[in-house]
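Asker: fold the stuff below for me.
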Amino acid sequence: MLAEFRSFDRPVQLLQINQAGINLGFYMLMPYLAQHLSAGAGLAAWTIGLVLGLRNMSQQGLFLIGGTLADRLGHKPLIMLGCGLRTVGFALFGLSTSLPWLLVAAAVTGFAGALFNPAARACLACEAGERKVAAFAVFNVFYQGGILLGPLVGFALLNAGFTAVCLSAAGIFAVLTVLQGVWLPARRAPVAGRPPVLSDWRRAFGDRAFVSFAAAMIASYALSYQMYLALPLEVARLGGGETGVMVLYALSALLGIAAQVRLTAWCSARWRRGQAISRGLALMGVAFLYPAMTAGLALPTGWALLPLVACTLLLTIGTLIAFPFEMATIADMAGERLVGTYYGLYNLLSGVGILAGNLVAGALVDAGRTVGLAGLPWVLLAAAGFASAAAVRHLDRRSRLPVAGPVVTG
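Answerer: Numbers count the residues shown, from 1 in each chain. This is a model prediction of the structure:
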């Protein structure tokens, strides 16, 4: 992975390090925010839900706007503005317990993500050129590294108080803002003759191949998010506690760090992009068959947790296979002018998929326990993965996905 990282130019390297810093700062704070809002700020449960929901809504709902601004104003200023705003938002979380200011912090923090997320991916795709898949593979290693380290660093800093956690996370984003200002190239699209924003949006929404691909991939995000919903609930039901949940997260992150680059190179040498994505999705579906087969059995806690470990590992591997090819496919479908807009729309649709998937998965878990069919949620999640894989395979066979040559590696 380090050899592959060193083979890229400095802007690509900075964007990859930037993502590790973004996730490090975010996961230092977010796992402990709800507890702070309850015990530290004294908020009622519904107001905590309001704060957390506003943060998510202000990010997911504004991805398209952030991506469009990146296409029109340039990637660099949007990435810097997003990281700067997150510096402010995280500092507000640590310095105030007033509900109005906490709502401001939530909105600013979410909007920041809507600005830098599509802009950073678009910038990485443009700077990497023909090496998009390899660049996104390394990008995902840094992404997983931030997720792995963030909660551990945040937990260590909690001894100094939640304010210290927030200000440390804000400091990380402040440093990232400065680094981007120094090292990212300032490239802006030509303004003359540029069509109106609504025209760009009509093109993106009217791109049937892209919308079909995005729709086919929605299930993958719903399945991935079960790492934070169905799997933790099942670990708790089986008596694994918080330790069991942390073990699953750690296994997933460590596997991503260790295997992503080699796995992407292996897949690139053998499969087209569409084949890699569809097979990754199919493996994500297979992952949920393990808990489905043992859901109704009375097993000791240790043995009962093994299917969840298998599910986590296969779900992670499927994601590792699909992700770099998925990101490169979006960029190639967008063309040079609308990469940010396409990433923004894709993230918006993915957010809808996560919301719908959580609602359905939660309802299925409750229904399965009520009617005595504990394996029902897992079977239907597996079916969703297989259906998504079949949809992407259909698009690939009909040549609706861009065809790229072999991945160029360093």
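Asker: buried sites along the host helix or strand of residue 341?
Answerer: Residue 341 is part of helix 339-370 when elements are defined by DSSP states H and E. Within helix 339-370, the residues scored as buried using 16 or more other CB atoms under 10 Å are 339-355, 357-358, 361, 364-365, 368. The C-beta positions use only the backbone N, C-alpha and C, and glycine is treated the same way.
Asker: over to stretch 91-111?
Answerer: 91-94, 96, 99, 102-111.
Asker: distance from it to the middle of the chain?
Answerer: Its chain's average C-alpha position is 23 Å from that of stretch 91-111, according to CA atoms, centre = their mean, to the nearest Å.
Asker: ok, stretch 124-139 next?
Answerer: 17 Å.
Asker: quick check, residue 292 in contact with residue 385.
Answerer: No. The criterion here is CB atoms under 8 Å, and residue 292 misses it with residue 385 at 11.8 Å.
Asker: who's more crowded, those two?
Answerer: residue 385 (25 against 19; other CB atoms under 10 Å).
Asker: now that one: how far from residue 82?
Answerer: Distance of residue 385 to residue 82, given as CB to CB, to the nearest Å: 32 Å.
Asker: of the buried residues of stretch 91-111, closest to residue 31?
Answerer: Of all the buried residues of stretch 91-111, residue 31 sits closest to residue 93, with 13.1 Å by CB to CB.
Asker: what pLDDT does that closest one get?
Answerer: With respect to pLDDT, residue 93 has a value of 95.
Asker: which ones are touching it?
Answerer: 29, 33, 36, 102, 105, 109, 166 (CB atoms under 8 Å, 6 or more residues apart in numbering).
Asker: could you do residue 10 as well?
Answerer: Per CB under 8 Å, 6+ apart, neighbours of residue 10: residue 183.
Asker: rewinding a little: report the rounded mean pLDDT for the helix holding residue 341.
Answerer: The average pLDDT within helix 339-370 is 82.
Asker: try stretch 324-335
Answerer: 94.
Asker: now stretch 124-143
Answerer: 94.
Asker: distance between it and the chain's centre?
Answerer: With CA atoms, centre = their mean, you get 15 Å for stretch 124-143.
Asker: can you tell me the distance between the two ends of that stretch?
Answerer: 13 Å (CA to CA, to the nearest Å).
Asker: can you say which helix or strand has residue 169 in it?
Answerer: Using DSSP H and E, residue 169 falls in helix 162-183.
Asker: gap between the closest residue to residue 209 other than its chain neighbours and residue 211?
Answerer: Counting by CB to CB, 6 or more residues apart in numbering, residue 400 is the residue found nearest to residue 209 once chain neighbours are left out, at 4.4 Å. Distance, residue 400 to residue 211, by CB to CB: 11 Å.
Asker: nearest spatial neighbour of residue 8, skipping sequence neighbours?
Answerer: residue 135 (6.4 Å).
Asker: try residue 323
Answerer: residue 140 (5.5 Å).
Asker: in which helix or strand would I find that neighbour?
Answerer: Per DSSP H and E: helix 132-157 holds residue 140.
Asker: now do that helix and helix 162-183, the angle between them.
Answerer: For helix 132-157 against helix 162-183, the angle by axes from the mean of the first three to the mean of the last three CA atoms, to 10 degrees is 150 degrees.
Asker: helices or strands up against helix 132-157?
Answerer: On a contact count with 3 or more CB pairs under 8 Å, 6 or more residues apart in numbering; DSSP states H and E, helix 132-157 meets helix 2-6, helix 10-35, helix 99-128, helix 162-183, helix 241-268, helix 301-334.
Asker: which positions in the fifth one come out as buried?
Answerer: Okay, so that is helix 241-268. In helix 241-268, counting by 16+ other CB under 10 Å, buried: 244-249, 252-253, 255-257, 259-261, 263-265, 267-268.
Asker: that older thread, chain center to the helix holding residue 140: distance?
Answerer: Using CA atoms, centre = their mean, the offset of helix 132-157 from its chain centre is 11 Å.
Asker: angle of it against helix 301-334?
Answerer: 130 degrees.
Asker: what are the buried residues along helix 132-157?
Answerer: For helix 132-157, burial by neighbour count (16+ other CB under 10 Å) applies to 132-151, 153-154, 157.
Asker: likewise stretch 42-59?
Answerer: 43, 47, 48, 50, 51, 52, 54, 55, 56, 58, 59.
Asker: can you redo the residues you listed as a markdown table with distance to residue 204, secondary structure and pLDDT?
Answerer: Below are these laid out as a markdown table (distance: CB to CB, whole Å; DSSP: H, G, I helix; E, B strand; the rest coil; pLDDT from 0 to 100):
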| residue | distance to residue 204 | secondary structure | pLDDT |
| --- | --- | --- | --- |
| 43 | 39 | coil | 84 |
| 47 | 36 | helix | 87 |
| 48 | 35 | helix | 85 |
| 50 | 31 | helix | 84 |
| 51 | 31 | helix | 88 |
| 52 | 29 | helix | 82 |
| 54 | 26 | helix | 87 |
| 55 | 25 | helix | 88 |
| 56 | 23 | helix | 82 |
| 58 | 21 | helix | 88 |
| 59 | 19 | helix | 89 |
